[in-house]
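Participant: Fold the following and give me the result.
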Amino acid sequence: EQTSTHLLIPPLLQPRDDMASLRRYQLFLSVGVVFLSVWRAGLANLDSLKSYHPSSTIIDPLVTYLPVWAVLALGIYALSSVLYRVATFGDCPEAADELSGQIAEAKEKLKAAGFAF
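Facilitator: Prediction:
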């Protein structure tokens, strides 16, 4: 007789559907914490960063406004992914026919109730 691995794991520790979304949030927060800590370290060591790069005039605004650049890049990515999904959205002719039928049926019911179209 084979035993399932879920039988060996207590019910509170078994994976659930909402655990995947929790892991997604944990990953997002972990990346955010790492990004902010690297940015903070860059701000704290801004003078030593300037000494490594020959044109140090670009380092100061780049490091100082790095979170703004990151939010801007995230916004551009979100906008482009939404536009791409809208542009490649598939048609459903069966659903369109069903919806047209439902609209015609609703109009008939409303005409029977006394509404004019």
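
Participant: following the lowest-mean-pLDDT helix or strand in the chain, which helix or strand shows up next?
Facilitator: Lowest by mean pLDDT, DSSP states H and E among the helices and strands of the chain is helix 5-8, with a mean of 56. Note on helix 5-8: by DSSP states H and E, the next helix or strand toward the C-terminus is helix 17-44.

Participant: sec struct for T57, please.
Facilitator: What DSSP: H, G, I helix; E, B strand; the rest coil gives for T57 is coil.

Participant: State the pLDDT value of it.
Facilitator: Note for T57: predicted pLDDT of 78.

Participant: same thing with Q2?
Facilitator: 47.

Participant: now swap in Q14 and tell me
Facilitator: 60.

Participant: With S100 instead?
Facilitator: pLDDT, S100: 94.

Participant: Give me the contact list for the strand or helix carrying it.
Facilitator: Under the criterion of DSSP H and E, S100 resides in helix 93-112. Contact with helix 93-112 is made by F117, as judged by C-beta atoms under 8 Å, 6 or more residues apart in numbering. Every C-beta, even on glycine, is put in place using the N, C-alpha and C of the backbone.

Participant: Check the offset of it from the chain's centre.
Facilitator: Its chain's average C-alpha position is 35 Å from that of helix 93-112, according to C-alpha atoms, centre = their mean, to the nearest Å.

Participant: go on, stretch 101-114?
Facilitator: 40 Å.

Participant: same deal with stretch 71-85?
Facilitator: 10 Å.

Participant: Restrict it to CA atoms and write it as PDB.
Facilitator: Presented in PDB, the C-alpha positions along stretch 71-85 are these (Å, rounded to 0.1, in the frame of the first residue of the first chain):
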ATOM      1  CA  VAL A  71       9.400  53.100 -10.500                       C
ATOM      2  CA  LEU A  72       9.500  54.700 -13.900                       C
ATOM      3  CA  ALA A  73      10.900  51.600 -15.500                       C
ATOM      4  CA  LEU A  74       8.300  49.500 -13.700                       C
ATOM      5  CA  GLY A  75       5.500  51.800 -15.000                       C
ATOM      6  CA  ILE A  76       6.800  51.600 -18.600                       C
ATOM      7  CA  TYR A  77       7.000  47.800 -18.300                       C
ATOM      8  CA  ALA A  78       3.400  47.600 -16.900                       C
ATOM      9  CA  LEU A  79       2.100  49.900 -19.600                       C
ATOM     10  CA  SER A  80       3.800  48.100 -22.400                       C
ATOM     11  CA  SER A  81       2.600  44.700 -21.100                       C
ATOM     12  CA  VAL A  82      -1.000  45.900 -20.900                       C
ATOM     13  CA  LEU A  83      -0.800  47.400 -24.400                       C
ATOM     14  CA  TYR A  84       0.700  44.200 -25.800                       C
ATOM     15  CA  ARG A  85      -2.000  42.000 -24.100                       C
END
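
Participant: Thanks a lot, catch you later.
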